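Trainee: Could you work out the structure for the sequence below:
(one chain, ligands or ions: 1)
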Amino acid sequence: MGKKVIIIGAGGVGNVVAKKCAMNPAYFSEVVLASRTLKKCEAIAEECKKIGLPTSVQTRQVDADDVPALVQLFNQEKPFMVINVALPYQDLTIMDACLATGVHYLDTANYEPKDVAKFEYSWQWAYQERFKKAGLMALLGCGFDPGVTGVYTAYANKHYFDEMHYLDIIDCNAGDHGKAFATNFNPEINIREITQKGKYWENGEWIEIDAMSIHKPISYPNIGPKESYLLYHEELESLVKNFPTIKRARFWMTFGQAYLTHLEVLQNVGMTSIHPIKFNGLDIVPLEFLKAVLPEPGTLGENYSGQTSIGCQIKGTKDNSEVTYYVYNNCHHADCYKEVQAQGVSYTTGVPAMIGASLMCEGVWFNPGVYNVEEFNPDPFMELLNIHGLPWHEEVNGELPHTY
Ligand SMILES: NC(=O)c1ccc[n+]([C@@H]2O[C@H](COP(=O)([O-])OP(=O)(O)OC[C@H]3O[C@@H](n4cnc5c(N)ncnc54)[C@H](OP(=O)(O)O)[C@@H]3O)[C@@H](O)[C@H]2O)c1
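Mentor: Numbers count the residues shown, from 1 in each chain. From the prediction side, this is the model:
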């Protein structure tokens with residue numbers, strides 16, 4: 001018997017989560033999609049009907065910055081859980097509303113305050129005791145990265161290693177959406193992420209580097225070598241905490257030259273700033289204005305060609321011998337569009353969110369408190385990835401894409 005779920009956020013990822021939930025009535029008996037702009041929810045619900053999904057999606061308007069409005073919505077709808085795929089700024093207000101109404105919680109990106117481009121788990125981990133006491137569960141970072149990358153790491157640890165020592169998460173988008181410049185997920189969040197300083201974990205401490213200053217070609221399966229840049233990414237924080245044998249953890253992401261050139265110009269002219277300026281008597285934030293003129297991630301799918309490849313490569317030991325392990329998924333943008341009218345980055349985020357929620361609904365992953373995905377048994381999640389559209393491949397002691 002499925003459970004009732006509310007999805008918050010009707011953007012690129014919300015579209016995928018809504019459709020994947022509506023496709024799976026065995027996990028989700030009722031699906032409500034709520035967002036700031038009601039007509040975006042309605043357009044997604046209409047598409048679900050058009051493509052003949054078994055569950056009809058109900059729609060609601062809500063401002064997720066407003067805790068009383070969320071409390072009212074949750075009290076009216078009485079869902080089992082909320083899947084938060086709005087923006088990281090809304091994580092804490094939605095968690096507060098969950099505590100007030102007895103609703104379980106899942107998200108795909110950790111909280112960051114609007115006025116500081118800084119993301120870390122401390123704010124959400126601070127809810128641990130309150131969720132535990134209320135008998136509620138919050139699952140943090142259940143997209144692809146963070147999300148599947150944590151499940152991959154837990155799976156590697158469980159099945160292949162006594163001790164993991166070196167972790168490299170490698171993320172490639174070798175797709176082409178045909179636009180001069182666009183971001184694959186929310187532009188504001190994306191640009192904040194890559195213009196801040198890079199950071200990686202080595203020998204018990206964080207090493208900070210200038211943004212995009214370390215890069216090298218990495219050879220991705222079925223794609224080939226692509227220049228990849230060392231970034232700070234949020235799952236590094238929870239993974240080095242939960243797997244303390246890791247001596248070094250890094251995150252790499254590909255960027256094309258045209259993207260980097262556009263970004264450099266936008267940065268040089270001040271368009272990526274998050275500090276308000278006065279314009280015609282109004283306070284405007286340049287990055288928020290930039291977001292308003294860029295294509296929305298949910299609109300990029302139609303002519304998107306090529307594929308993504310995201311995986312974890314790990315080095316460590318088992319029975320005193322050295323082991324290397326690589327696990328990854330490749331996902332074609334065009335296949336995602338055919339199935340749920342989305343591009344691959346929205347798809348690779350939305351499918352794991354639906355899978356995490358299904359495991360919570362079924363009680364397979366369930367524990368009161370606040371958790372990251374790698375704290376649960378990875379096996380059922382890995383099985384569901386193969387079933388719901390993100391099949392994975394692994395190589396044990398094979399050649400690694402990233403040479404050390
Ligand atoms: N873990 C991963 O692998 C991963 C990967 C990609 C993205 N993400 C995360 O996924 C989330 C969604 O990304 P996206 O690409 O779908 O972004 P998007 O297309 O910009 O969609 C964001 C949605 O949230 C809604 N929203 C924003 N503020 C709201 C508020 N106060 N109340 C209610 N709704 C609000 C927006 O409404 P409007 O339409 O009215 O603006 C929009 O529908 C982001 O947090 C992103 O960081 C995670």
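Trainee: Spatially nearest residue to residue 222 (excluding sequence neighbours)?
Mentor: residue 330 (5.7 Å; Cβ to Cβ, 6 or more residues apart in numbering). To be clear about C-beta, it is placed using only N, CA and C from the backbone, and glycine gets the same treatment.
Trainee: For that neighbour, give its distance to residue 220.
Mentor: Distance from residue 330 to residue 220, counting by Cβ to Cβ, to the nearest Å: 8 Å.
Trainee: where do the contact lists of those two overlap?
Mentor: residue 309 (Cβ atoms under 8 Å, 6 or more residues apart in numbering).
Trainee: Neighbour count: those two, which is higher?
Mentor: It is residue 220, of residue 330 and residue 220, that has more neighbours when counted by other Cβ atoms under 10 Å, with 25 against 20.
Trainee: who's in contact with the one residue in the chain that gets nearest to the ligand?
Mentor: Proximity of the chain to the ligand (Cβ to the nearest ligand atom) peaks at residue 11, 1.7 Å away. For residue 11, the contact set (Cβ under 8 Å, 6+ apart) comprises 35, 40, 85-86, 186, 296-298, 346.
Trainee: Kindly write the PyMOL command that selects the buried subset of those residues.
Mentor: Remark: buried members of the contacts of residue 11, expressed as a PyMOL selection using 16 or more other Cβ atoms under 10 Å:
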select buried, resi 35+40+85+86+186+297+298+346
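Trainee: Considering only the contacts of residue 11, which also neighbour the ligand?
Mentor: Applying Cβ under 6 Å from any ligand atom to the contacts of residue 11, one finds that 35, 40, 85-86, 186, 296-298, 346 fall near the ligand.
Trainee: ok, which residues in the chain are in contact with the ligand?
Mentor: By Cβ under 6 Å from any ligand atom, the residues of the chain that approach the ligand are 8-14, 35-37, 40, 62-65, 85-88, 90, 108-109, 143-147, 185-186, 189, 296-298, 345-346, 349.
Trainee: tell me the contacts of residue 286?
Mentor: If you count contacts by Cβ under 8 Å, 6+ apart, then residue 286 has 270-275, 277 around it.
Trainee: The residue nearest to residue 222 should be in a helix, yeah?
Mentor: No. Counting by DSSP: H, G, I helix; E, B strand; the rest coil, residue 330 is not part of a helix but strand.
Trainee: Return the subset of the contacts of residue 11 lying in helices.
Mentor: Counting by DSSP state H, the part of the contacts of residue 11 found in helices is 40, 346.
Trainee: Pull the contacting residues for the residue at minimal distance from the centre of the chain.
Mentor: Central residue of the chain (Cα atoms, centre = their mean): residue 143, 3.5 Å from the mean position. The contact partners of residue 143, by Cβ under 8 Å, 6+ apart, come to 13, 108-109, 348-350, 352-353.
Trainee: Before I go, just wanted to say thanks for your time.
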